[in-house]
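# Everything below, folded, please.
(2 chains)
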2 protein chains.
Amino acid sequence: MSAEPGTVRPGGRTARVRTAVLRAAGDVLAERGFAHLDLADVARRAEVGKTTVYRRWGSVTGLVADLLADMAEQSLPREETGSVLGDLRANASLVRWTLADARQGALFRAVIAAATCDERTAQALRRFYEVRVAEWAPCVEQGVARGELPPGTDAKAVVRAVSAPLYYELLTTGTAPDTPAAERAAQAAYAAAVAGVYVS
Amino acid sequence: MSAEPGTVRPGGRTARVRTAVLRAAGDVLAERGFAHLDLADVARRAEVGKTTVYRRWGSVTGLVADLLADMAEQSLPREETGSVLGDLRANASLVRWTLADARQGALFRAVIAAATCDERTAQALRRFYEVRVAEWAPCVEQGVARGELPPGTDAKAVVRAVSAPLYYELLTTGTAPDTPAAERAAQAAYAAAVAGVYVS
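Below is the predicted model of the structure:
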């Protein structure tokens, strides 16, 4: 039996330290941005020894990379609604909810900004999206198997197409996408997939 | 008779100073990012007096806001190909070309990153996209008038839908979108528009 993600963490002091440090790092990123992230400050906020933080994460970019790895591990599993449009709606709603959440939205904006000028953060961000896209791709594969979408549809491209307008809105206007925007993102990706745009 | 944008600039010393300063500011942003933008350094690179730069632009964010205003003024006018799909393809190709260009791509990434933590830059970025989207929206309006797209289609939403996957790819993977990505972006926005997804 596996627990719901986010409710239970593997025990032990090491795991508790990691949880506290990553929580503090996320708080600083969300409140003040990447430029203000400092290992000593994170250690203080997490009530963890500075030496432990330096030894384990080494640098600010090492800490952000681990935070993104943890976010990928902890993020919610995909939903199965029985139809590909329903599943894409569930995905759009989850992405919208994440970006509209004050802490999470600010955290994503900070990490995406940091990735533009730091290669290690960029790599960690790519891995984060690879994990999330791979989690949801089976929804599209099942839609193809059920005959809802054309054979040869690139499942990952469809999942990315749902996220794209929501991130684009957040990053170019600074406004978190709303519920109609999420609905439109799912409908647009679905319509394009039905039309065969993502057949590779 | 109006000249082609980018070929002729209004004359005079004031205009020449602005051109030199904005070019230097763009260079610094593209090469080193927003965090390294400094008015004294820009003045030196532009071979313009420091006092002039401080008096005219006041701050780094004032300079970036003016750079974005200039980029909106100088950017290419829309193309008319005779069909909405052709026009959306031309738009996708222009956006892809911009993001794939070493200097321009780096400049956009730097400004988008800066906008996540600076409200004045965020406002200037919003205005930039408003100008660009308004420039291209008539392509979609003409497509509606020609019966290629359903009545009530939100023209600006369609134009934004073309850009979204291209920016999303650049910002989440760090890789500039390629020609097939641009073609897919145009086809996807078109298919969704035909299906009525952008009818408001």
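
# quick check: domain ranges of chain A?
A:13-71, A:77-194 (automatic domain parsing).

# And the ones you listed: which comes nearest chain B?
If you check each of the domains of chain A against chain B by Cβ to the nearest Cβ, domain A:77-194 wins as the nearest, at 3.7 Å. C-beta here means a position set from N, CA and C on the backbone, and glycine is covered the same way.

# Can you give the distance from the closest one to the centre of its chain?
Chain-centre distance of domain A:77-194: 9 Å, with Cα atoms, centre = their mean, to the nearest Å.

# Help me see whether that domain makes contact with chain B, please.
Yes: where contact is defined by Cβ under 8 Å from any Cβ of the partner chain, part of domain A:77-194 touches chain B, namely A:109-110, A:112-117, A:122, A:125-126, A:129, A:157, A:160-161, A:163-165, A:167-169, A:171-174, A:184, A:187-189, A:191-192, A:194.

# try stretch A:27-42
Yes: counting by Cβ under 8 Å from any Cβ, chain B is contacted by stretch A:27-42 at A:33, A:35.

# How far off centre is that stretch?
For stretch A:27-42, the distance to the chain centre is 19 Å (Cα atoms, centre = their mean).

# Can I get it as PDB, trimmed to CA atoms?
Taking C-alpha atoms only, stretch A:27-42 is exported to PDB below (Å, rounded to 0.1, in the frame of the first residue of the first chain):
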ATOM      1  CA  ASP A  27       9.900  29.900   0.900                       C
ATOM      2  CA  VAL A  28      12.900  32.100   0.100                       C
ATOM      3  CA  LEU A  29      12.500  31.500  -3.600                       C
ATOM      4  CA  ALA A  30       8.700  32.300  -3.500                       C
ATOM      5  CA  GLU A  31       9.100  35.300  -1.300                       C
ATOM      6  CA  ARG A  32      12.400  36.900  -2.500                       C
ATOM      7  CA  GLY A  33      13.500  35.100  -5.700                       C
ATOM      8  CA  PHE A  34      16.600  33.200  -6.700                       C
ATOM      9  CA  ALA A  35      19.000  36.100  -6.300                       C
ATOM     10  CA  HIS A  36      18.300  36.200  -2.600                       C
ATOM     11  CA  LEU A  37      18.700  32.500  -1.900                       C
ATOM     12  CA  ASP A  38      21.600  32.000   0.500                       C
ATOM     13  CA  LEU A  39      22.600  28.700   2.100                       C
ATOM     14  CA  ALA A  40      23.300  30.200   5.600                       C
ATOM     15  CA  ASP A  41      19.900  31.900   5.600                       C
ATOM     16  CA  VAL A  42      18.200  28.700   4.500                       C
END
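
# All set now, cheers.
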